[in-house]
Structure formats: C-alpha cells, structure tokens
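**Student:** Predicted coordinates and the sequence they were generated for:
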Amino acid sequence: METDIPLRDIMVQEVVKGDMDLNVKEAARIMMKHDVDSIVVLNNGEPVGIVTQGDIISELVSKDTTPSTVKLKDVMTSPLIAASPDDRLSDTVKKMAAKKIRKLPIIEDGKLVGIVADVDILSVSSQMNSILAELIEMHVERDIMGAGSEGEGGGQGICEKCGSFSHYLEMNEGVMMCETCKEETGTESE
C-alpha cells in the first residue's frame with residue numbers, strides 16, 4: 001500500500017453533518033438519505049463530535065430510548081478525533097488503529113473539509129495491489145517474450161495450461177507450460 005499520500009487525495013469531501021441540537025431520529029433520517037453510517041456533529045458550524053450507527057444502537061436501541069427525545073450532543077463521541085488533509089496515510093492508519101476508530105473527519109483551518117473511513121483506506125490498498133499485480137504480470141510477459149522461440153525455456157512463472165507456479169516454463173504451441181503439462185501434451189522437444 002502506498003503510505004506517503006496525503007489524506008486530501010483519498011478523503012470524501014461530501015460529509016454528512018448535523019447540529020448538536022438535532023435529535024437522533026432526524027439525524028438517522030439524514031444518514032439514511034445519504035446512505036452513510038455516521039454524522040459529524042457541529043456547534044455553530046464547528047465540528048465537535050461524531051455519531052455513528054453503533055452509537056445510536058448502543059445508546060438508544062439497547063436502552064429502549066425514543067430517538068426523537070435525544071439530541072446528538074447527548075450521544076456524540078467527543079472530543080472529536082480528526083486529521084489534517086496534509087496528514088499522511090500511514091500516520092492516519094496508525095492513529096485510527098490506536099484509537100480504534102473507523103471514521104476520521106478531516107479539518108483544515110477549523111473547518112470540516114472531508115472524512116476518511118477505513119473502507120477508503122482499504123480501497124486505496126486494493127487499488128495498489130491491483131497495480132502491483134499488473135506490474136508483475138507485465139514483468140512475467142516481458143520475460144516470456146524474451147524467452148525466444150518455440151521449445152526454449154522461459155524461466156519461472158504460472159503455467160498457462162494448469163495454472164500452477166513452475167520454476168521452469170517452456171513455450172509449447174504458443175503456450176507457456178510447466179514440464180508436467182508439456183509431457184502430458186506429448187510434444188516433448190527432442
């Protein structure tokens with residue numbers, strides 16, 4: 001995973017937010033409307049806390065409390081743990097793991113400018129893994145193409161017939177094969 005990228009490159013800029021005096025029922029409706037599982041709580045436009053679906057379940061549902069009677073300020077996690085858009089991904093991952101949080105609001109000059117969730121980080125990680133896989137495949141193809149003509153050894157890689165890794169592949173009828181598959185096709189070079 002690329003860890004030196006700034007959060008501004010992966011943060012979601014459309015953040016769902018609500019005033020601290022908003023009741024939980026209305027906040028839940030807003031969260032459903034925007035298909036998110038958290039809402040950043042504001043006090044006079046300044047971010048002061050966060051409420052997640054987990055907070056709502058643990059604070060209201062488990063206690064059989066009516067959501068319309070409870071304000072966000074009563075269930076929010078505060079003080080708000082946040083980051084800067086220029087913070088690096090590697091530092092952020094460590095911070096989130098240490099604090100056991102899945103969402104991290106991004107604040108710049110006292111203003112809420114975005115949010116990063118664990119799924120955003122996983123998305124970046126899987127994209128980097130896909131890129132790495134493509135680079136490895138390009139390297140293997142380059143090695144195969146440089147292997148020469150039919151029957152010459154192509155080095156190690158994945159057999160195109162059986163899909164197994166082999167330390168010794170050979171080109172056979174335009175296909176890179178391991179020794180076993182080549183023997184099974186009955187076209188062993190003499």
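**Tutor:** Now that the structure is in, tell me what you want to look at. Keep in mind that what you see is a predicted model, and the values were worked out from it rather than measured.
**Student:** List the buried residues for whichever helix or strand Val113 is part of?
**Tutor:** Assigned by DSSP states H and E, Val113 belongs to strand 111-117. For strand 111-117, the neighbour count (16 or more other Cβ atoms under 10 Å) marks 112-117 as buried. (C-beta placed from N, C-alpha, C; glycine too.)
**Student:** what's the average pLDDT for it?
**Tutor:** Mean per-residue pLDDT for strand 111-117: 93.
**Student:** what do you get for stretch 87-101?
**Tutor:** If you average the pLDDT over stretch 87-101, you get 87.
**Student:** what sits up against it?
**Tutor:** For stretch 87-101, contacts defined as Cβ atoms under 8 Å, 6 or more residues apart in numbering pick out 1-7, 10, 81, 83, 102, 104, 116, 118, 121, 124.
**Student:** If you count neighbours, what's buried in it?
**Tutor:** Neighbour count says stretch 87-101 has 87, 89, 92-93, 96 buried, by 16+ other Cβ under 10 Å.
**Student:** how about the residue nearest to Ala117 when sequence neighbours are not counted, what does it touch?
**Tutor:** Using Cβ to Cβ, 6 or more residues apart in numbering and skipping the chain neighbours, the partner closest in space to Ala117 is Lys103 (5.1 Å). Shown in contact with Lys103 (Cβ under 8 Å, 6+ apart): 38, 50, 52, 115-118.
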